[in-house]
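[1] Quick one: sequence plus predicted model below, questions after.
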Amino acid sequence: MSLLEVDDVKITYRTETDDVHAVNDVSFSIDEGDNYGLVGESGCGKSTLAKSVLGLLDDNGEVQSGSIRFNGRELLDLSEREWRDIRWEEIAYIPQSAMDSLDPVMTVGAQIRQAIRKHRDVSKSTADERVAEVFEIVGLDPNRVDEYPHEFSGGMRQRVTIAMALALDPDLIIADEPTTGLDVIVQDKIVHKLMEIQEEIDSSLLLITHDVGVVAETCDEVSVLYGGKVMEQGATFDVFNDPHNPYTMGLKNAFPEVDELDQEAISIPGSLPDLTAEPTGCVFRDRCPFATDECDTGHPSLVDAGSQLSACYYAADAPDLQERAADPETWGVDVSEGESTDGRGEVIVETDGLEKWFEQTQSVLSELLGEDPDYVKAVNGVDLDVHEGEVVGIAGESGCGKSTLAEVISALQSRTGGEISFEGQSVDRLLDEDTQQFRSEVQFIFQDPFDSLNPRQRVRAAVSEPLEIQGIAPDEIDRRVRETVADVGLNPPEKYLDQYPEQLSGGERQRVAIAQALVLDPELLICDEPASMLDVSLKANILNILREMADERGIGIVYVSHDLASLSQITDRLAVMYLGRVVELGPTRKVVENPKHPYAASLLAASPKADPDADRQRVLLPGEPPNPVDLPSGCNFAPRCPKASEECRASEPERSEFETGDHEAACFFPVEDAERELLTEYARARERRERTDEASAAGDPTP
């Protein structure tokens, strides 16, 4: 029986100039107990559809036509009072940004209790019991219900929002990008926990995401959206295993797989369509490598294509299109070798025992007693080097110190200890002699171009500014700006130079940020999660640009990310960090194919796959990273490590080399090939043991 039925829905947004046709004649249905995915790039209409199901469209949004029925009831006819009875009680919502959706001045328990008592006539004590129950369900300590959102990690805050969504046992859970921006370990835990809970309470799930891998691993059925239209629809296995629409093929090919080391990142060229008018042709035709004149005649209807539906005039030619779509050159990706640097050149930057500690605020009493302050050891004894033409990836969970390391290497933050040398000279000496020169040779690309670009500067001014600071002549500035903007894929440059950041897409803004960093022709480029918030196709485009810069210009690049799949596609070497230390370092292929540290193996195992038939072994690490102010003795990873022994808890292992000499790991008991799949069972057994110990301490004989 259908729980939710969306039938020919059309949604527009009113603007000062033209109406935006965000959703155009979309239909799908979700049965009881099913998981349904809406996948597509930002701006495709998937979040707009979710808001319409919840009755939460923005004030300028309007459902022009169609029907949305839930349990046989037409939702579009409900009053606001009737909507309040349905939200949380029957349809619950898990938002993308947990920090933005939680009230910072209320305890997390009070917020969940408020939702319960607003819908149920229960006492405060009964509501508190339910809060404790849902905390346990999502794997949080019920003793922390009286803490505030800022006292939880990002992954734990997201679990709080899941607990809130579960509090009233809804029939349908709508999760809008619930894992975007989270590292793979936390993402894997959240997705796994969501699946467990959903099965336990027998609810349905509508999952909205641009992450093809998460949908492939969790959803029974899927609709692929583009430009407000359904491009392909059907069982997830059929859609992703045998796509019949070029857009689905492009999305799937753009999704990076951590173990596909020899495959070029494929990006879909071009930008999203202009939706200020209803589509008169296929909405994907301007970006489709297979488009013909027929595609201009009108948007194709969804037709039977094997086991699924596809909106393509050439769905019958799917086998041939799939073969051609697998070739990067079909999408305009240049796979020629060009002027590659052919191996590593001279060392550009090198760190020796690098440290960055943050002193914690002391109480007045502690200061009077002369007690030593506590420190967060964000970077704690890191040895790393980067060569000309080399891309070095730094991977790890949020809070491991990788961004701090990047900022210290680039002298954006001072160091506490250790040494940094740039082209054989001390960075301190270079900064004393000529700070301006050093800044021109070391450039930084930040995660969010919204924050790093001045909204009042046109593209021309933003990219020119570094050259003006260096005193370059105006004629030379104009030439270099145009060349650099073209080099990062913004062609023709004239189309973009006079635009403001708000007029650009997310991917275009990030390319402007890259151009701003490259225009000075630096020796070293440091990138801090530059593609983490982008769609898979835009991410592939950014990765290709950076790899090309390393190969053709000989730039050394440090690429910080929690996304190991992306790192595996463009990096030459990989450094895995945990709580301020590099626990594994080596050539990317060796680290990916034969990780030696249990933490590196866990990170790799947590990377999702776009193949719904893949049987991925999850390594669900127990617990959270230790308190960085009060680190455990011995190996920092021991409290979560499936293989930890008393030796690991007593002393800290040094990084040691393996057979080839260029692959190192800090572990007393390196992972053997045969053990990788067993790590899953080790982790589960340890989690069960910890639960039993906790239950015994609480006097519960049946944990």
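    Received it, and whenever you're ready, just let me know what you need.

[2] so where is the stretch 401-550 of the chain shaky, pLDDT-wise?
    Along the stretch 401-550 of the chain, the model assigns pLDDT under 70 to residues 449-450, 505-506, 533.

[3] For it, which segments count as helices?
    Secondary structure of the stretch 401-550 of the chain by DSSP state H, counting those that start in this stretch: the helices cover 402-409, 427-441, 449-452, 459-469, 474-487, 506-518, 536-553.

[4] what helices or strands is the fifth one leaning on?
    Think helix 474-487. helix 459-469, helix 506-518 (3 or more C-beta pairs under 8 Å, 6 or more residues apart in numbering; DSSP states H and E). Quick note: C-beta positions are derived from backbone N, CA and C, even for glycine.

[5] what residues does the last one touch?
    So that's helix 506-518. Around helix 506-518, the neighbours that count as contacts under C-beta atoms under 8 Å, 6 or more residues apart in numbering are 42, 271, 443-446, 449-450, 452-453, 459, 462-463, 465-466, 481, 484-485, 487-490, 496, 501, 504, 525, 530-531, 533-535, 538, 541-542, 545-546, 549, 555.

[6] and what of stretch 405-416?
    Contact with stretch 405-416 is made by 349, 351, 354-357, 378-379, 382, 384, 394, 404, 420, 427, 431, 438, 442, 444, 524, 526, 528, 558, 560, 577, as judged by C-beta under 8 Å, 6+ apart.

[7] 7 Å - rerun?
    By C-beta atoms under 7 Å, 6 or more residues apart in numbering, the surrounding residues in contact with stretch 405-416 are 349, 351, 354-357, 379, 382, 394, 404, 420, 427, 431, 442, 444, 526, 528, 558, 560.

[8] what does stretch 34-41 give?
    28, 30, 46, 49, 204-210, 212, 215, 218-226, 236, 272, 535, 537.

[9] And that stretch, what's buried?
    Neighbour counts over stretch 34-41 (16 or more other C-beta atoms under 10 Å) mark 34, 35, 36, 37, 38, 39, 40, 41 as buried.

[10] Looking at these, which is nearest residue 322?
    residue 39 (18.0 Å; C-beta to C-beta).

[11] From residue 529, how far off is the closest one?
    22 Å (C-beta to C-beta, to the nearest Å).

[12] Any of the contacts of helix 506-518 buried? List them.
    Among the contacts of helix 506-518, those scoring as buried are 42, 443-446, 449, 452-453, 459, 462-463, 465-466, 481, 484-485, 487-490, 496, 501, 504, 525, 530-531, 533-535, 538, 541-542, 545-546, 549, 555 (criterion: 16+ other C-beta under 10 Å).

[13] Using a markdown table, lay out the helices and strands packed on helix 474-487 together with distance to residue 91.
    Below are the helices and strands packed on helix 474-487 laid out as a markdown table (distance: least, C-beta to C-beta, whole Å):
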| stretch | distance to residue 91 |
| --- | --- |
| helix 459-469 | 42 |
| helix 506-518 | 29 |
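
[14] wait, which of the ones you listed is closest to residue 96?
    Here helix 506-518 is closest among the helices and strands packed on helix 474-487 (C-beta to C-beta), at 14.2 Å.

[15] Do you know the pLDDT at residue 662?
    The model reports residue 662 with a pLDDT of 88.

[16] Ok, residue 69 next?
    96.

[17] Spit out the contact partners of it.
    So residue 69 contacts 5, 75 (C-beta under 7 Å, 6+ apart).

[18] let's see 8 Å
    Applying C-beta under 8 Å, 6+ apart, the residues contacting residue 69 are 2, 4, 5, 7, 75.

[19] Next: residue 595.
    Listed by C-beta under 8 Å, 6+ apart, the contact partners of residue 595 are 584, 601, 604, 665, 671, 676.

[20] and if we set it to 7 Å?
    584, 601, 604, 671.

[21] Of those, which is the most crowded?
    residue 584 (28 neighbours; other C-beta atoms under 10 Å).

[22] Now it: phi and psi?
    Main-chain dihedrals, residue 584, degrees, to the nearest 10: phi -150, psi 140.

[23] Does it touch residue 600 like I think?
    Yes - shown here, residue 584 and residue 600 form a contact pair, counting by C-beta atoms under 7 Å, at 4.5 Å.

[24] Need the residues touching each of these two.
    In contact with both residue 584 and residue 600: 576, 591, using C-beta under 7 Å, 6+ apart.

[25] who's in contact with residue 259?
    Contacts for residue 259 (C-beta under 7 Å, 6+ apart) come out as residue 592.

[26] so it is in which element?
    Using DSSP states H and E, no element contains residue 259; it sits outside every helix and strand.

[27] again, but for residue 136
    helix 124-137.

[28] The closest residue to residue 399 other than its chain neighbours and residue 245: what is the separation?
    Nearest non-adjacent residue to residue 399, counting by C-beta to C-beta, 6 or more residues apart in numbering: residue 625, 6.3 Å away. Per C-beta to C-beta, residue 625 is found 42 Å from residue 245.

[29] Among the two, which residue is more densely surrounded?
    Looking at residue 625 and residue 245 with other C-beta under 10 Å, you find the greater number of neighbours at residue 245, namely 29 against 20.

[30] The more buried one and residue 230 touch, don't they?
    No - counting by C-beta under 7 Å, residue 245 stays clear of residue 230, with 9.6 Å between them.

[31] Need the overlap of contacts for these two.
    residue 311.

[32] show me what contacts residue 254?
    Per C-beta under 7 Å, 6+ apart, neighbours of residue 254: 266, 267, 268, 536, 537, 540.

[33] Quick check: pLDDT value at the residue nearest to residue 177 when sequence neighbours are not counted.
    The shortest distance from residue 177 to any non-neighbouring residue, by C-beta to C-beta, 6+ apart, is to residue 96 (4.0 Å). Residue 96 is assigned 71 on the pLDDT scale.

[34] Surely residue 96 is within a helix?
    No - secondary structure of residue 96 (DSSP: H, G, I helix; E, B strand; the rest coil): coil, not part of a helix.

[35] In three-state terms, label residue 30 for me.
    strand.
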